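Novice: make a model of this:
(2 chains)
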Amino acid sequence: MSAVAFKSAVDDAVVEELRAILGDGDRVLPNVSSRVNRTRVPAPFPVHRWGEHMPDVAVLPKTAQEVSDVVKLANRLKIPVVPRAGGTGLSDGAVPMRGRGGILVDVKLMNQIHEIDLVDRTVTVGPGINMLKLNEALRPHGVFYPDDPASYPCSLVGGRIGTGGWSLLGSRFGHTRDLVISMEVVLPTGEIVEIAEGGGRKLRKSSTGLTLKHLFTGHQGTLGICTEATLELVPRPETEFAAFFAFEDYLTAHRTTGRLTKSGLATLAGVVLFDEWKLRYLRRDDEAYIPQPESVRAVIAVAMYGRRAEVEPASKIVMELGRADGGRYLGDEISQGDWASRHDRYATPLHGRTQDGQVVPMSWHCEDAALNYSVLPQVREEWHAIVDRYIREYGIFDDWGMFAYTNGAYKPWADYLVEIDVGIWEQKLDETSWDAWVRCKREISEVSLKYGGSMTACHGATREGDAELVPTEMGSSWEVVKRIKRALDPNNVMNPGKQSMDEAYE
Amino acid sequence: MTDPASNGEQREFVERWRDNAYGCFSSGHKFCREVCPVMQVTRNENHTPTAFHANIVAMEKGLVDVADVADDYVHCTQCGACELRCPNSLFTGDFYRHRTQTVKVVKAMRALMVETGNEREGWKLWNERLAAHHNEPVLGEIDVSQEHVADWAEGLDIPVGGETILFVDCEAAFYRTSYTRAFAQLLQRAGVQFGLMREQWCCGGPAAEMGYVDLARRHAEHNVADWRAVGAKRIIAPDPHDFIAFTEDYPAYFGDDGAHARFEFEIVLGVELVAELVRDGKIALTEPVERTVTYHDPCRLNKRKGVHEAPRELLRAIPGLEFKDVDRVTQWSYCSGGGGGLPVEKPEITAEISRRRVQRAADLEVDALISACPWSERPLSEVGTLEVMDLFELLARSAGIEVGGHTSAEARA
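Specialist: So this is what the prediction gives:
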């Protein structure tokens, strides 16, 4: 193995140098509380070995130059750098790998809106801004930034770019990478570079040179730190339409999902398919679903956005397609209410149940495979069977059901972000049950790969259980990945160890 | 590190708050974060409700102790926005009768800080002064003492004692007396009978917010004894902070389960009383006020107590007034930064929170920001770019009352 930064070498001298770079002691945080609170994300966490995931120091830079100087220092001394924006991800991009420590670069203070350009339709922001806050500022101008994950009220633009985020409205407006026009990035060696399609910062399409933009969206913080991003401004939709349909069996709902997504309606923003485990889960405590009869075993949600002239006639077609094969419209209240609360209700710990029905606080694992339409029914059966085995054996897991969401930006017809939600009773975790969970997760991912899918549509394969399968999933292109990583990050300092990229240095 | 002797207190604290903390920790969604007025300024993950809960779990795991995390808990105005925005409360709250408690956690941690010798210097000094003078030190040149606690009422001819007692917040008794004079005269105009206390001490709420539990309780005991001595049945609290103390802290001190008698008093919120009097035609708003204003929802009314209708109803009842409203949910993320002892320990953060709040008002092209809480009015006024008035002051003007007294700006001069 070549000289790589596997173990941090942060000492007092490094902390002093960081203080000199940031020129402000308050933004260099070596204290234990600052480190403890930048060690985890909302995904189930091996809380029994919390201390092993702590960074050695956190810094809160305000400018690209500060980020650059911090990264140069780390690169010189071969200290791991972990970029963190919101820390709201559902994988481990924003936390140090076990036992590696390092300098955590927290970009939350870089939350300025630098420019709103209503003529060429862009907004340029720092990576620490939240989308809801950004949209509050954009609203008076009649435009919005439509990146709409479940974490819309709390996740930050920098993390969305780093992970390659997925949006609930992606089928209509695109996902994060489709909505980023260009960005400023600090490379692992510390240089500040402009990454665009080619030419200026506000062009949507170019063929000059190489298309680097996609390389710098969804790298999980392994190729650099975004310090500024120029984003798309979209006309604020005049109207929204949401409809929920109930079905007696999954396969009929699956067929109807196919019809809806292949309808050619351009205002279609998303179609979501709930399976019967999800319905069973919702019936535990959700007032909208408790009254639904047991015969309801699948639900489809459809949402459209656009001008009235487009959405109103299209909504009639959706209503026809939704009902054509036995679907029952769940009414305006559930349709509008459920869609409006899409960010808030997605998982709360009190939904958790042990096998004997006891309510216990559980943390939420959200699998996010990308799978083609044709394989959904088979994958669904295999995934539930895996989780069921672990539930019976360990007593700390719970199957919260599955959602399948349209996944292709502007192309809703063929592939899906497929989520199986697993409750995990974190308080009970120990080394044995955590290892069991990692195995469970790996088995789920192996099913995705077996059916030609990808194990992650948006969270990133940075956790145990996924990370070790990255070379398998990448196949013949893995060699290319490793060459790029090594070329850009010769000392393996930028979020080292994530996605099995240490292999680039072997 | 904290003195090992305090391990017992720390263990007890963790035991009390661990389950509540796990509710947040295992959810971890951080929806509370962008509504938090302090976090919006510092952008420091340690100053978030999720950190306040995660620290407790980390304490249980032996990763941190109270000394390590004490500074985190200074960064809170106890506005309650995080509790409203918590997905646990929003979506399972009704079903499980669950509400994530964060304000109480902050208060309890601050109490633990006092207990274990991890006090903050500013709060310590403040509470020493409170213990000496029995009125909130109001932090400035104002002479705070029992001799002056009713100076604000000069010429208003308000008796002492009676069934209905007007409790006057220290800030409003010594600093922004125009607020209190306006309120008292509105009640007099409507013919409401009320008296003052024989000896009014601070409500004790701020001391409790800073963790000085025993001191807070001593003040509560004094005030309740004074109310009982004159046979009081109703306490009118115009100030939202006092209203919180009387409806949350006091019943806990004097509940049925302790050695003390039941907490028998009816607590009346000033703004709701005035709204009722206006509605019933007992206060006529006849003088047009030709101003363009917006309203600042005080956190302790809107977020802590769900009171947002009455102030708006009153503003709409003032003739000539153009009222540009911002809805109460949007205002969950607004604050003056004046609460929870923050201005004592972190005045620069309070100033920045207020600056941003006033800027949002200015963006609406109004010529005054109307609040309904004297605690907010000082930091908001100190921004200096927009006139800040209290709702009662505005109503008094529309009722044709010459208010008198002074606002904070004049008091400082």
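
Novice: which bits of the stretch 1-150 of chain B sit near chain A?
Specialist: Residues of the stretch 1-150 of chain B that fall close to chain A, judged by CB under 8 Å from any CB of the partner chain: B:19, B:22-23, B:25-31, B:33-34, B:43-46, B:50-51, B:54-55, B:57-58, B:61, B:63-64, B:68-69, B:71-72, B:85, B:87-88, B:90-92, B:94-96, B:98. In this view, the C-beta of every residue, glycine as well, is placed from N, C-alpha and C.

Novice: which of the residues you listed count as buried?
Specialist: Buried members of the residues of the stretch 1-150 of chain B next to chain A, scored by 16 or more other CB atoms under 10 Å in any protein chain shown, are B:22-23, B:25-31, B:33-34, B:43-46, B:50-51, B:54-55, B:57-58, B:63-64, B:68-69, B:71-72, B:85, B:87-88, B:90-92, B:98.

Novice: in chain B, which residue sits closest to chain A?
Specialist: residue B:28 (3.5 Å; CB to the nearest CB).

Novice: these two touch, right, that residue and residue A:363?
Specialist: Yes. Shown here, residue B:28 and residue A:363 form a contact pair, counting by CB atoms under 8 Å, at 7.2 Å.

Novice: what about residue A:65, how many residues close to it?
Specialist: Look at residue A:65: counted by other CB atoms under 10 Å in any protein chain shown, it has 13 neighbours.

Novice: got the contact list for the nearest residue to it once chain neighbours are set aside?
Specialist: Leaving aside its chain neighbours, residue A:65 sits nearest to residue A:192 (7.4 Å; criterion: CB to CB, 6 or more residues apart in numbering or on different chains). Residues counted as contacts of residue A:192 (CB atoms under 8 Å, 6 or more residues apart in numbering or on different chains) are A:64-65, A:68, A:184-186, A:227.

Novice: ok, now with 6 Å
Specialist: A:64, A:68, A:186 (CB atoms under 6 Å, 6 or more residues apart in numbering or on different chains).

Novice: who wins on neighbours among the residues you listed?
Specialist: In terms of neighbours by other CB under 10 Å, the contacts of residue A:192 top out with residue A:186 at 27 neighbours.

Novice: in the sheet, who's paired with that residue?
Specialist: Applying DSSP bridges to residue A:186 gives these bridge partners: residue A:192, residue A:225.

Novice: any idea how far it lies from chain B?
Specialist: 19 Å (CB to the nearest CB, to the nearest Å).

Novice: can you check residue A:341 too?
Specialist: 7 Å.

Novice: for that residue, which non-adjacent residue is spatially closest?
Specialist: Using CB to CB, 6+ apart, the nearest residue to residue A:341 is residue B:91, at 7.3 Å.

Novice: pLDDT of the host helix or strand of that neighbour, averaged?
Specialist: Under the criterion of DSSP states H and E, residue B:91 resides in helix B:87-96. Taken as a whole, helix B:87-96 carries a mean pLDDT of 78.

Novice: ok, stretch B:335-350 next?
Specialist: On average, stretch B:335-350 scores 97.

Novice: tell me the buried residues in that stretch?
Specialist: Quick answer for stretch B:335-350 (16+ other CB under 10 Å): B:335-346, B:349-350.

Novice: any bit of the strand or helix carrying residue A:15 sitting next to chain B?
Specialist: Using DSSP H and E, residue A:15 falls within helix A:12-22. No. Helix A:12-22 does not reach chain B (CB under 6 Å from any CB of the partner chain); its nearest approach is 13.5 Å.

Novice: need the residues that contact whatever helix or strand comes next after that helix.
Specialist: Downstream of helix A:12-22, the next assigned helix or strand under DSSP H and E is strand A:28-29. With CB under 6 Å, 6+ apart as the test, strand A:28-29 has contacts from A:18-19, A:22, A:58-59.

Novice: gap between strand A:28-29 and the chain center?
Specialist: Centroid displacement of strand A:28-29 relative to its chain, using CA atoms, centre = their mean, to the nearest Å, is 27 Å.

Novice: next SSE after it?
Specialist: That would be, after strand A:28-29 and using DSSP H and E, helix A:32-36.

Novice: with just CA atoms, put that following helix into PDB.
Specialist: Provided in PDB are the C-alpha atoms of helix A:32-36 (Å, rounded to 0.1, in the frame of the first residue of the first chain):
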ATOM      1  CA  VAL A  32     -15.500  16.700  22.200                       C
ATOM      2  CA  SER A  33     -19.100  18.100  22.000                       C
ATOM      3  CA  SER A  34     -18.400  19.500  18.500                       C
ATOM      4  CA  ARG A  35     -17.000  16.200  17.400                       C
ATOM      5  CA  VAL A  36     -19.700  14.000  19.000                       C
END
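
Novice: what average pLDDT does stretch A:421-439 get?
Specialist: Mean per-residue pLDDT for stretch A:421-439: 95.

Novice: does that stretch reach chain B?
Specialist: Yes. Among the residues of stretch A:421-439, residue A:426 lie within reach of chain B under CB under 6 Å from any CB.

Novice: give me the contact list for that stretch.
Specialist: A:44, A:46-48, A:352, A:360, A:362-363, A:365-366, A:387, A:394, A:396-398, A:400, A:464-465, B:26.

Novice: going by length in residues, pull out the top helix of chain B.
Specialist: helix B:7-25 (DSSP state H).

Novice: continuing past that one, what's the next helix or strand?
Specialist: Downstream of helix B:7-25, the first helix or strand assigned by DSSP H and E is helix B:37-42.

Novice: next structured bit after that next one?
Specialist: Per DSSP H and E, the first helix or strand lying C-terminal to helix B:37-42 is helix B:49-60.

Novice: now do that following helix: which elements does it pack against?
Specialist: Taking 3 or more CB pairs under 6 Å, 6 or more residues apart in numbering or on different chains; DSSP states H and E as contact, the helices and strands that helix B:49-60 lies on are helix B:7-25.

Novice: could you find the closest non-adjacent residue to the closest residue to chain B within the stretch 401-506 of chain A?
Specialist: Taking CB to the nearest CB, chain B has its nearest neighbour within the stretch 401-506 of chain A at residue A:426, 5.1 Å off. Once flanking residues are discounted, residue A:426 sits nearest to residue A:363: 4.6 Å by CB to CB, 6+ apart.

Novice: what residues are up against the one you found?
Specialist: A:44, A:424, A:426, B:26.

Novice: what helix or strand is the residue nearest the centre of chain B located in?
Specialist: For chain B, the residue nearest the mean C-alpha position is residue B:241 (3.0 Å; CA atoms, centre = their mean). If you go by DSSP H and E, residue B:241 is part of helix B:240-244.

Novice: are we agreed that residue B:68 is in a helix?
Specialist: Yes. Assigned with DSSP: H, G, I helix; E, B strand; the rest coil, residue B:68 falls within a helix.

Novice: if I look at it, what pLDDT would I see?
Specialist: Residue-level confidence at residue B:68 comes out at 97, pLDDT.

Novice: try the one 3 residues further on
Specialist: pLDDT for residue B:71: 98.

Novice: where do the strands of the stretch 301-413 of chain B begin and end?
Specialist: Under the criterion DSSP state E, counting those that start in this stretch, the stretch 301-413 of chain B contains strands at B:322-323, B:368-371, B:387-390.

Novice: revised request: answer the last question for the stretch 151-300 of chain A.
Specialist: A:180-186, A:192-195, A:225-232, A:234-235, A:239-247, A:268-274, A:298-306.

Novice: possible to save the ones you listed as TSV with mean pLDDT?
Specialist: Listed next are the strands of the stretch 151-300 of chain A as TSV, based on pLDDT from 0 to 100:
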stretch	mean pLDDT
strand A:180-186	98
strand A:192-195	98
strand A:225-232	98
strand A:234-235	98
strand A:239-247	98
strand A:268-274	97
strand A:298-306	98
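
Novice: if anything else comes up later, I'll come back, but that's it for now.
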